[in-house]
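Q: Let me see the structure of the following:
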Amino acid sequence: MQFKRPDIIRPPSEWGSYFLPLTSGCSNNTCTFCSYYGSKLQTRPVDDIKAEIDALALFMKSSICLPTIPKVVYYVAQDWDGKKVFLQDGDALVYPFPKLREVLQYLNEKFPNLERVGIYATGQDILRRSVDELKDLKKLKLDIFYMGIESGANEVLQKVNKGVNYDQLVEAGRKTKEAGIILSVTTILGLGGVENSAKHTLETARILTDIDPGYVGALTLTLVPGTPLYEQSQRGEFHPISPFQSLEELRVIIENSSFTSCFFSSMHASNYLSVRGRLPQDKRRMLEKLEYVLAKEDNSLLRPEFMRGL
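A: Next up is the predicted model:
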């Protein structure tokens, strides 16, 4: 089967990167809330990846476009500064280790000024790698993992078929940090619904404290048509929290988590209110903003529903 290039789905901080697909879909395709639910994982042949890297290098040097190369390559490359690459797709770290190393070596050869490579990584992806393997990837400038924690509550993780539990996520975070790789994690406000809101938030604060990542991004649950969680909501089996309840969850998580040095952000488009800052230094300021909006309960202070996105 011919490899189908995935749509560009990336962390907000990778906006200036070149997006290089290694896979399409997600190997962990059972999460009930995710748009990747039921997707079939495809892995891209190394020679095909190298051909794109060659074409990219030629374009960056001589502005030559090859007719056999997808136009999106040149569309992304026209504003690229050659410093950062993001490897697609949903969990590209699942790509076979020897091939991943070969791709990274080739990238470094073709772009000697490359500063950093980033990748989505599930907890399962990280756990199947040894620390020495992760250190090898770090030497090849794979320097940041984006891992979805979603929740610290085992009950919630089990209900959404995350495929890993609290202890496994903490271990994945430990291995990443031991290898010297930057760890950026995401949590999802509202994932426990109304019934599990308190447990979800307190356990999420606890797991963030235990992992102590360098970056945390808080997202707010967006029910995606066609996913099991959406269908559960339609049947009344899952009860979504309100916008102001999502801000209360965010407040509880920030208040109850402890970090050595973490940039915490709710700037993602799914959220009803954006707060960001360095924790623990900015904790009081961030909490005061949330407490002000929660006290007002004024919908005009929130991002309108039509402006929210994945």
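
Q: next SSE after the longest helix along the chain?
A: Longest helix of the chain, by residue count under DSSP state H: helix 46-62. Following helix 46-62 in sequence order, the next helix or strand is helix 71-77 (DSSP states H and E).

Q: Could you list every helix and strand in contact with that following helix?
A: Under the contact definition 3 or more C-beta pairs under 8 Å, 6 or more residues apart in numbering; DSSP states H and E, helix 71-77 sits against strand 18-21, helix 46-62. Where you see a C-beta, it was placed from the backbone N, CA and C, and this is true even at glycine.

Q: Could you export that helix as PDB, CA atoms only?
A: Extracted as PDB, the C-alpha positions of helix 71-77 are listed here (Å, rounded to 0.1, in the frame of the first residue of the first chain):
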ATOM      1  CA  LYS A  71       3.700  20.600  -3.300                       C
ATOM      2  CA  VAL A  72       3.100  20.700   0.400                       C
ATOM      3  CA  VAL A  73       6.900  20.100   0.900                       C
ATOM      4  CA  TYR A  74       7.700  23.400  -0.900                       C
ATOM      5  CA  TYR A  75       4.800  25.200   0.800                       C
ATOM      6  CA  VAL A  76       6.100  24.400   4.200                       C
ATOM      7  CA  ALA A  77       9.800  24.900   3.200                       C
END
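
Q: which residues touch stretch 264-278?
A: With contacts defined as C-beta atoms under 8 Å, 6 or more residues apart in numbering, stretch 264-278 is touched by 12, 189, 215-222, 243-244, 246-247, 250, 254, 261-263, 279, 283, 285-286, 289-290, 293, 301-303, 307-310.

Q: Buried only: go through those residues for me.
A: Among the contacts of stretch 264-278, those buried by neighbour count (16 or more other C-beta atoms under 10 Å) are 189, 215-222, 243-244, 246-247, 250, 254, 262-263, 279, 283, 286, 289-290, 293, 302-303, 308.

Q: Could you check how far the closest residue to F238 other than its chain neighbours is from D91?
A: Once flanking residues are discounted, F238 sits nearest to Q232: 4.0 Å by C-beta to C-beta, 6 or more residues apart in numbering. Distance, Q232 to D91, using C-beta to C-beta, to the nearest Å: 24 Å.

Q: Compare those two and say which is more crowded by neighbours.
A: D91 (26 against 17; other C-beta atoms under 10 Å).

Q: residues touching the more buried one, list them.
A: By C-beta under 8 Å, 6+ apart, the residues touching D91 are 23, 26-28, 120-122, 125.

Q: Among the residues you listed, which lie within helices?
A: D125.

Q: wait, which of the contacts of D91 is closest to F59?
A: T23 (23.3 Å; C-beta to C-beta).

Q: Could you check how far the closest one is from Y74?
A: From T23 to Y74 the distance is 22 Å (C-beta to C-beta).

Q: Compare these two (neighbour count), which wins?
A: Set T23 next to Y74 and count neighbours by other C-beta under 10 Å: T23 wins out with 22 against 16.

Q: So what sits opposite that one in the bridge?
A: Under DSSP bridges, the beta-bridge partners of T23 are T43.

Q: where does it land on pLDDT?
A: At T23, the pLDDT value in this model is 91.

Q: which residues does it contact?
A: If you count contacts by C-beta under 8 Å, 6+ apart, T23 has them with 6, 41-44, 88-92, 94-95.

Q: if you set the cut-off to 10 Å instead, what comes out?
A: Applying C-beta atoms under 10 Å, 6 or more residues apart in numbering, one finds that T23 lies in contact with 3, 6, 41-44, 87-95, 120.

Q: Now intersect those residues with the helices, please.
A: Reading helices off the contacts of T23, I find no matches (DSSP H).

Q: Now the buried members of those residues.
A: By 16+ other C-beta under 10 Å, those give 6, 41-44, 87-95, 120 as buried.

Q: Tell me which of the contacts of T23 has the lowest pLDDT.
A: P6 (76).

Q: T260 in helix, strand or coil?
A: coil (DSSP: H, G, I helix; E, B strand; the rest coil).

Q: separation between it and L208?
A: 12 Å.

Q: Show me the common contact partners of those two, please.
A: Common neighbours of T260 and L208 are listed as L279 (criterion: C-beta under 10 Å, 6+ apart).

Q: before we move on, the earlier item: flag every buried residue along the longest helix of the chain.
A: Under 16+ other C-beta under 10 Å, the buried positions of helix 46-62 are 46, 49, 52-53, 55-57, 59-60.

Q: what would the residues you listed look like in JSON lines with pLDDT and distance to V160?
A: Converted to JSON lines, the buried residues of helix 46-62 look like this (pLDDT from 0 to 100; distance: C-beta to C-beta, whole Å):
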{"residue": "V46", "pLDDT": "96", "distance to V160": "34"}
{"residue": "I49", "pLDDT": "96", "distance to V160": "32"}
{"residue": "E52", "pLDDT": "95", "distance to V160": "34"}
{"residue": "I53", "pLDDT": "97", "distance to V160": "36"}
{"residue": "A55", "pLDDT": "96", "distance to V160": "39"}
{"residue": "L56", "pLDDT": "95", "distance to V160": "37"}
{"residue": "A57", "pLDDT": "96", "distance to V160": "41"}
{"residue": "F59", "pLDDT": "94", "distance to V160": "41"}
{"residue": "M60", "pLDDT": "94", "distance to V160": "41"}
